[in-house]
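Undergrad: sequence and computational prediction follow.
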Amino acid sequence: MSLALIFKQSVIALRVNKLRSAFSILGIVIGVAAVVIILSMGQGLKRLVTDEVEAYGPNVLDIAVKIPESDIISTAISSAQGITITTLKERDIKDLKDKDLFPYIEAVSGQAFTQDWAVYQNEEKKIIIYGCNADFVKIMGTAKIGKGRFFSEDEGSGLSKVAVLGDGLAEDLFGQTDPLGKKVRIKGQSFKIIGVFQPQGGLSSFGGIDMNDFIYIPLSTALKEVLGINYLSEIVLTVKDESYLPQAIEEISRMLRRNHNIKDAAKDDFQITTMEQILSQVNQISTILNLLLGFLAAISLLVGGIGIMNIMLVSVSERTREIGLRKSLGANRKDILQQFLIESLIITGLGGVIGAFLGITNSLLAALVIRSQGIAWPLTISWLAVLVAFIVSVSIGLIFGIYPARKAARLNPIVALRKEK
């Protein structure tokens, strides 16, 4: 019997049991769509983070506080454990700006922040107060002034009470009114608005912390007038060229150890990280996350395959007399085996196509919804996930269809014909 005729008979058999076939296809559709959506969104998140990091450029160094003799390098994690590292000082920034010591360093900015209320007339909003140096805009590639200007180094060293607003905060407090020259109150003190940033997307407005709602003030003012502390949480700097990075890391480490009275490098209370290292960490985390999520999504495909096997076994039981009749009319084992395998492949193949289409469509819709919230989420589809999910779905049809097909092919025609309906 030709494959074309067997294929036709398989289609007819599936059409006779439309509801059962539809539910079988649905299981594969859900599995394939889940794989495509999850891996596409994971790839989009990776692109988002990568684009954000790359925006700073390859010649950026990040100096974060670190618990000595441990791998814990983030202030947030340290604080969560009840530990505050206070050894990173403004003196370190001053030394980093010394051209005799570091002629290859172009810009340096420290960081200190807190959360409080910003008030203008009858409007108020809880915001992040971000203390930084004048070089901040030279380092952060995503930070562009939209109105006015950023504060100067002299304003920073003079403890001036000036501020630059994120675009979102400016809109919330001032609406359509020009905020330049106006004053907002922070912790009972008045700060003059001298600039407003352009809207920032990407990670700056992702994960519940929106840099568009930050208020930026000079670092010295933040430390002495607002926070009442004398230490930093982080320093970010740029060098002339990434070829200087190895030299910079070695010489900066030596300077920080001297300033912090550290004799043993194993007891460093700081961690210097390059953008390349950060990207490498992002890629590692993304790979692990995608594998985990992909595995979880693939379970639904496995469940769909088991469902197909069960349904095909039921189909064999229900069509015993039909199988016996066909065998008595000349159909051999191979013909019966091929028909049931083709039925299984049609179900999984059709489910794979529909699932891939829905996965692609919903991935794009989800990305558009996220972009509508002001996040520069890339419109990314994991075509590898689409291809793999489809191939796996068809393979599942073949694997889980073999046992029912072999069972049908091995039926004794005489026994099958005697089976009552």
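TA: Here it is on my side, so go on. Numbers count the residues shown, from 1 in each chain.
Undergrad: who are the neighbours in contact with V236?
TA: 60-63, 108-109, 111, 139-140 (CB atoms under 8 Å, 6 or more residues apart in numbering). All C-beta spots, glycine's among them, are computed from the backbone N, C-alpha and C.
Undergrad: so how far is V353 from the residue lying closest to L345 once chain neighbours are set aside?
TA: Once flanking residues are discounted, L345 sits nearest to G397: 4.6 Å by CB to CB, 6 or more residues apart in numbering. G397 sits at a distance of 12 Å from V353 (criterion: CB to CB, to the nearest Å).
Undergrad: show me which of those two is the more surrounded one.
TA: Counted by other CB atoms under 10 Å, G397 and V353 do not tie: G397 has more neighbours, with 29 against 17.
Undergrad: what are the phi and psi values for G42?
TA: Dihedral angles of G42 (phi, psi; degrees, to the nearest 10) stand at phi -60, psi -40.
Undergrad: that should have said D178, apologies.
TA: phi -70, psi 120.
Undergrad: can you tell me the element K147 falls in?
TA: K147 is located in strand 145-148, with elements delineated by DSSP states H and E.
Undergrad: partners of that strand, with directions?
TA: strand 189-197 (antiparallel) (DSSP bridges).
Undergrad: list the buried residues in the partner strand.
TA: 191, 193-197 (16 or more other CB atoms under 10 Å).
Undergrad: next: stretch 234-249.
TA: In stretch 234-249, counting by 16+ other CB under 10 Å, buried: 234-239, 242, 244-245, 248-249.
Undergrad: do stretch 48-65 as well
TA: Of the residues in stretch 48-65, 48-50, 52-53, 55-56, 59-65 count as buried by neighbour count, 16+ other CB under 10 Å.
Undergrad: list just the nearest of these to V369.
TA: Nearest to V369, judged by CB to CB, of the buried residues of stretch 48-65 is L48 at 14.4 Å.
Undergrad: can you verify the closest one is assigned to a helix?
TA: Yes. Assessed with DSSP: H, G, I helix; E, B strand; the rest coil, L48 lies in a helix.
Undergrad: for the helix or strand hosting L398, packing partners?
TA: Assessed by DSSP H and E, L398 sits inside helix 383-409. With contacts taken as 3 or more CB pairs under 8 Å, 6 or more residues apart in numbering; DSSP states H and E, helix 383-409 sits against helix 18-54, helix 275-318, helix 333-372.
Undergrad: ok so, going back, among the buried residues of stretch 234-249, show me the least confident.
TA: Lowest in pLDDT among the buried residues of stretch 234-249 is E242, which has 85.
Undergrad: doesn't L61 make contact with that one?
TA: No. Using CB atoms under 8 Å, E242 is not in contact with L61, being 9.9 Å away.
Undergrad: in the chain, what helix or strand scores lowest on average pLDDT?
TA: strand 205-206 (a mean of 45; mean pLDDT, DSSP states H and E).
Undergrad: still on that earlier bit, which ones among the contacts of V236 lie within helices?
TA: I139 (DSSP state H).
Undergrad: adding pLDDT, write the contacts of V236 out as TSV.
TA: Shown next, in TSV, are the contacts of V236 (pLDDT from 0 to 100):
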residue	pLDDT
V60	89
L61	91
D62	91
I63	91
V108	95
S109	94
Q111	92
I139	88
M140	83
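Undergrad: for the contacts of V236, which two are the farthest from each other?
TA: For those, the farthest-apart pair by CB to CB is I63 and M140; their separation is 15.1 Å.
Undergrad: closest to the centroid, which residue in this structure?
TA: Geometric centre of the chain, nearest residue: L45, 2.7 Å, by CA atoms, centre = their mean.
Undergrad: in contact with that one, which residues?
TA: By CB under 8 Å, 6+ apart, the neighbours of L45 are S286.
Undergrad: for E106, give its distance to A298.
TA: Distance, E106 to A298, by CB to CB: 48 Å.
Undergrad: the two - which one has more neighbours?
TA: Taking neighbours as other CB under 10 Å, E106 and A298 compare with A298 leading, 19 against 16.
Undergrad: please verify my assumption that the more buried one contacts S395.
TA: No. Using CB under 8 Å as the test, A298 is too far from S395 to be in contact (11.7 Å).
Undergrad: residues in contact with the residue nearest to E106 when sequence neighbours are not counted?
TA: Nearest non-adjacent residue to E106, counting by CB to CB, 6+ apart: T238, 4.9 Å away. Contacts for T238 (CB under 8 Å, 6+ apart) come out as 57, 59-61, 105-107, 138-139.
Undergrad: in the stretch 151-300 of the chain, where is pLDDT below threshold?
TA: 201-209 (pLDDT under 70).
Undergrad: ok, which stretches of it are helices?
TA: Using DSSP state H, counting those that start in this stretch, the helices of the stretch 151-300 of the chain run over 153-157, 167-174, 219-221, 245-259, 275-318.
Undergrad: which residues sit against the fourth one?
TA: Right, helix 245-259. Contacts for helix 245-259 (CB under 8 Å, 6+ apart): 59, 61, 63, 89, 91-92, 95-96, 101-102, 104-105, 239, 262-263, 265, 268, 270, 272, 274.
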